[in-house]
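J.: structure of the sequence below:
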Amino acid sequence: MPRVADDDTAWCERAIEDAHVAAVPGAAFGAPGHARFSYAASTERLEEAVDRLADADLI
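T.: Next up is the predicted model:
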């Protein structure tokens, strides 16, 4: 789970709204400040998600 922001819930909300990438706040798993992603997708889709997060200035 990568470190994202102190307010991981707000970061995840922004990820879905701005980048159309779903993530779960790490706080839900005892890891505040992190986000959890599913990587059960093709490499192409994962690369697209990373590109979208970068374009939204989230990484």
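J.: drop to CA atoms for contacts and neighbour counts, all remaining ones
T.: OK.
J.: ok, and what's touching the longest helix belonging to the chain?
T.: Assignment by DSSP state H gives helix 43-55 as the longest helix of the chain. Under the criterion CA atoms under 8 Å, 6 or more residues apart in numbering, residues 15, 19, 20, 21, 39, 59 lie in contact with helix 43-55.
J.: read off the pLDDT value for the most centrally placed residue in the chain.
T.: Closest to where the C-alpha atoms of the chain average out (CA atoms, centre = their mean) is residue 23, at 4.4 Å. For residue 23, the pLDDT comes out at 96.
J.: ok, residue 16 next?
T.: With respect to pLDDT, residue 16 has a value of 97.
J.: can you give me the neighbour number for it?
T.: With neighbours defined by other CA atoms under 10 Å, the count for residue 16 comes to 13.
J.: contacts only, for it.
T.: 22, 23.
J.: who touches residue 59 in this structure?
T.: So residue 59 contacts 4, 53 (CA under 8 Å, 6+ apart).
J.: what about this protein, any weak spots by pLDDT?
T.: For the chain, no stretch is flagged by pLDDT under 70.
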